[in-house]
Each structure stands twice: as C-alpha cells, then as structure tokens.
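give me a 3D structure for the following:
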Amino acid sequence: MLAKANRITRGADYRATVRRGARFTGASTVTYIRSNPDSDVVRFGFIVSKTVGNAVMRNRIRRRLKAAAYDLLPRYTSNPGDPAGVDVVVRALPASVQAPWASLHEELSRASSRFTSRSHLSKGSVRS
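Numbering: from 1, shown residues only. All right, here's what the predicted structure looks like:
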C-alpha cells in the first residue's frame, strides 16, 4: 500500500502531470511522468475509466497497479543527487484487464527506466 505522501490527491496535479509529463505507452497502460520541483517525494496517481470494465474490474486493476508502483518506489527514491520529486500518473487501458501482474509491472518498470535515462541525458546535455 502506498503511503499518503506517495499519492496524488489533487485533480490539478493529475492534469499537470498528464499535460506536461513525459508519456510512455505500453500495451495495457499509458504512463505519464513529470519532475516536480515543488516536492521531494515520489507520488503516484491512477486513472482507471469505465472503458476498462465494471467497478470490480476497475478496482482490481487499480490494486494491481498500486502494488507494482509500491515495488518501483525505491527506484525513484534512490537518486540522492536529485532532490526534486516525481509525479507519476498511470492510465489503465482496456487491455489491462487480461494482462498478468508481471506484464503491468514490466510496463511501469520500463517507463521508469526510460524516464530516468531521458532525464539523465537532458541533465548531461545542459552541463556540456
């Protein structure tokens, strides 16, 4: 379970992350990741619309995505040189209902690694 400090709770934060964040598309999720200089924690938010299924399916997908996010939390917090926080919003696609947990975890992990490599490249190009 994600701690309250690690959850996005305001609609404005969801909108800012979706509009200004880097987008990573997978087979069953779309992940938006944005550096948040106003915060020093990693926060996750989940969007599971009615197109995914009924309430039982939506809640099951949300719980599976939260478990995957909890496993990936140390990956984001392991950069001591980067004090800025990170906001991550995961949008579940209808295909996520049939996706196994390992597949969802892999998609979030891949998005995380692509974002960290992209942010390190952009920081390196600024220093040069």
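
so which residue is dead centre in the protein?
Val88 (3.3 Å; CA atoms, centre = their mean).

wait, what's in contact with it?
When contacts are counted by CB atoms under 8 Å, 6 or more residues apart in numbering, Val88 is found next to Thr17, Thr31, Tyr32, Ile33, Val42, Arg43, Phe44, Gly45, Ala69, Tyr76, Ser112. From N, CA and C alone the C-beta is placed, and that goes for glycine too.

where does the third one sit: helix, strand or coil?
So that's Tyr32. strand (DSSP: H, G, I helix; E, B strand; the rest coil).

and for it, the neighbour number?
By other CB atoms under 10 Å, 23 other residues sit near Tyr32.

can you check Ala67 too?
15.

please apply the same query to Ala5.
Ala5: 11 neighbours (other CB under 10 Å).

which residue packs closest to it, ignoring adjacent ones?
Of all residues not flanking Ala5 in the chain, Val41 sits nearest, at 5.3 Å (CB to CB, 6 or more residues apart in numbering).

what backbone torsions are found at that neighbour?
Main-chain dihedrals, Val41, degrees, to the nearest 10: phi -120, psi 160.

repeat for the one 5 residues further on
Reported as degrees, to the nearest 10, the phi and psi values for Phe46 are phi -130, psi 140.

now do it against Ser117, distance only.
24 Å (CB to CB, to the nearest Å).

do the same with Gln98
Distance from Gln98 to Ser117, counting by CB to CB: 29 Å.

repeat for Ala22
In terms of CB to CB, Ala22 sits 11 Å off from Ser117.

who's more crowded, those two?
Taking neighbours as other CB under 10 Å, Ala22 and Ser117 compare with Ala22 leading, 15 against 10.

if we can go back for a sec, and which of the contacts of Val88 is nearest Ile61?
Ala69 (12.4 Å; CB to CB).

so where's this structure shaky on pLDDT?
Segments of the chain classed as low confidence (criterion: pLDDT under 70) are 77-83, 119-128.

let's go with 90 and repeat that
The model of the chain has pLDDT under 90 over residues 1-5, 36-41, 72-85, 115-128.
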